[in-house]
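Visitor: attaching a predicted model along with its sequence, questions to come.
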Amino acid sequence: MRIQRILAGAGAGLLFGLGLALSGMMDPARVIGFLDVGRLVGAGVWDPTLGFVMGGALLVTLPGFALMRRRGAPLLADRFEWPSRRDIDRRLLLGAVLFGAGWGLVGFCPGPALAALSSGLAPVFIFVAAMVAGFLLFRLLAGGK
């Protein structure tokens, strides 16, 4: 069963990376062009591509979640791992703000950054190294949580 999980994860990752590449979402300028709300009021050309990519993802994800909720268990695990917490606390808000600020400043979030490593460009490697350093720093400060 372990090899099937690894292959399923690798396949999902490759499919995700291919989707990012085909949609142009590995290009930080595209993401920044969408997030730059100043462009909406005439200060440049706004790029709606990310909105279409997110909409397309929702069209696939929502029916997928509905089908998953009807199943007793996933194919490659004993049970589904649904979130148990529903509250919004300070840590969640701070994490969301940091994620959004980093995404808006640099144009990368973790998935596209890892996929963009295939470009071989030095700024991508620098970003991923900084991202991993941030993960490790958090783990150190949060006591392994």
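Guide: Cool, got the structure.
Visitor: need the next SSE after the helix or strand bottoming out on mean pLDDT in the chain, C-terminal direction.
Guide: Sorting the helices and strands of the chain by mean pLDDT, DSSP states H and E puts helix 28-35 at the bottom, at a mean of 84. Going down the chain from helix 28-35, the next helix or strand is helix 49-70, by DSSP states H and E.
Visitor: excluding residues flanking it in the chain, which one is nearest the residue nearest the centre of the chain?
Guide: In the chain, the residue lying closest to the centroid (CA atoms, centre = their mean) is residue 111, at 4.6 Å. Excluding the flanking residues, the one nearest residue 111 by CB to CB, 6 or more residues apart in numbering is residue 16, at 6.3 Å. C-beta: built from backbone N, CA, C; applies to glycine.
Visitor: for stretch 122-141, buried residues please.
Guide: Neighbour-count burial for stretch 122-141 flags 124, 127-128, 131 (criterion: 16 or more other CB atoms under 10 Å).
Visitor: closest to residue 94 among the residues you listed?
Guide: Taking CB to CB as the measure, residue 94 lies nearest residue 131 of those, at 16.9 Å.
Visitor: so the closest one sits right up against residue 110, yeah?
Guide: Yes: with contact defined as CB atoms under 8 Å, residue 131 reaches residue 110; the gap is 6.3 Å.
Visitor: show me the shaky parts of the protein.
Guide: Within the chain, the ranges that satisfy pLDDT under 70 run 38-44, 144-145.
Visitor: the residue nearest to residue 111: what secondary structure?
Guide: Three-state call for residue 16 (DSSP: H, G, I helix; E, B strand; the rest coil): helix.
Visitor: ok, now how distant is it from residue 70?
Guide: Noted for residue 16: a distance of 24 Å to residue 70, by CB to CB, to the nearest Å.
Visitor: in terms of neighbours, single out the busier of the two.
Guide: Neighbours were counted for residue 16 and for residue 70 using other CB atoms under 10 Å; residue 16 has more, 15 against 6.
Visitor: and the gap between that one and residue 135?
Guide: Distance from residue 16 to residue 135, by CB to CB: 19 Å.
Visitor: contacts made by stretch 4-22 with the rest, please.
Guide: Contact partners of stretch 4-22, identified using CB atoms under 8 Å, 6 or more residues apart in numbering, comprise 25-26, 53, 76-77, 111-112, 114-115, 118.
Visitor: no further queries at this time; thank you.
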